[in-house]
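>>> this one's sequence-less:
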């Protein structure tokens, strides 16, 4: 069973309401699109058949009109020639064609109305189809965005955290290394500076002693 039962159901359908009730909106939209496309094809085929019938009726109407005029003229001719019996026969034929013409005219009007209605329905359906296809594309885009967001979320909750941890580890290792280098340099220079201080003090002491002995 399809989503829609009749052409009017499709035209008057509230697409948003149907989607709200659908378990799988994407699947529902695909079904709608398929049904609309099939219905449009059927309508166009039916409309083409009705147009062909309309042309046939038009020819039959012309014939009925021509025959009605012809038998009217014959009835007149028969009376002019004093053939009242033939005039009556002619008038009977004229009536038959006149009745047929009336019947054909009614049929022609019905077919014309059907053709016009079919054309209007086709236009409405094609507009509705465009709307549904647009919604389907929008839904597809939203689904893709949701998928990308999920991927990003997964990355953010795992890979990103891991990357941050690795960055912290690298920063700590760099700090430890720099601290170690700085500490080693400090020690070396402290030793050198301490040694220079002792040497200077020793030299100063030697000078004082020498000076005292000279006096």
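Looks like it came in fine. Computed from a prediction, not measured in an experiment: that's the story for all the values here.
>>> Quick check: the spatially closest residue to residue 47 that is not a sequence neighbour vs residue 39, distance?
If the residues on either side of it in the chain are set aside, residue 47 comes closest to residue 118, at 4.0 Å by C-beta to C-beta, 6 or more residues apart in numbering. Placement of C-beta: from N, CA and C, glycine included. To residue 39, residue 118 is 11 Å away according to C-beta to C-beta, to the nearest Å.
>>> likewise residue 57?
26 Å.
>>> what about the residue nearest to residue 47, helix or strand, and which?
Element membership for residue 118 (DSSP states H and E) is helix 84-157.
>>> what bits of the protein have low per-residue confidence?
Across the chain, the ranges flagged by pLDDT under 70 are 1-6, 147, 149-202, 205-206, 208, 211-215.
>>> repeat that for 90
Along the chain, segments meeting pLDDT under 90 span 1-36, 39, 42-43, 117-118, 121, 124, 128-129, 131-215.
>>> Could you spell out which stretches of it belong to which domain?
The record's domain parsing of the chain by automatic domain parsing lists 7-157, 164-215.
>>> Please tell me I have it right and residue 126 contacts residue 37.
No - judged on C-beta atoms under 8 Å, residue 126 makes no contact with residue 37 at a distance of 9.7 Å.
>>> I'd like to know how far residue 43 sits from residue 51.
12 Å.
>>> Could you list every helix and strand in contact with the helix holding residue 118?
helix 7-12, helix 15-21, helix 25-80 (3 or more C-beta pairs under 8 Å, 6 or more residues apart in numbering; DSSP states H and E).
>>> Present the ones you listed as TSV; the columns should include mean neighbour count and distance to residue 207.
Compiled in TSV, the helices and strands packed on helix 84-157 are given as follows (neighbours: other C-beta atoms under 10 Å; distance: least, C-beta to C-beta, whole Å):
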stretch	mean neighbour count	distance to residue 207
helix 7-12	16	116
helix 15-21	12	104
helix 25-80	15	100
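>>> which one of those lies closest to residue 96?
Closest to residue 96 of the helices and strands packed on helix 84-157, according to C-beta to C-beta: helix 25-80, at 8.4 Å.
>>> what packs against that closest one?
helix 7-12, helix 15-21, helix 84-157.
>>> okay, the ones you listed in a markdown table with distance to residue 70 next?
Conversion of the helices and strands packed on helix 25-80 to a markdown table gives the following (distance: least, C-beta to C-beta, whole Å):
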| stretch | distance to residue 70 |
| --- | --- |
| helix 7-12 | 43 |
| helix 15-21 | 58 |
| helix 84-157 | 8 |
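>>> Highest mean neighbour count out of those?
helix 7-12 (a mean of 16; mean count of other C-beta atoms under 10 Å).
>>> mind listing what the closest residue in space to residue 121 that isn't next to it in sequence touches?
What sits nearest to residue 121 in space, not counting adjacent residues and going by C-beta to C-beta, 6+ apart, is residue 7, at 5.4 Å. Neighbour list for residue 7: 39, 43, 121, 125 [criterion: C-beta atoms under 8 Å, 6 or more residues apart in numbering].
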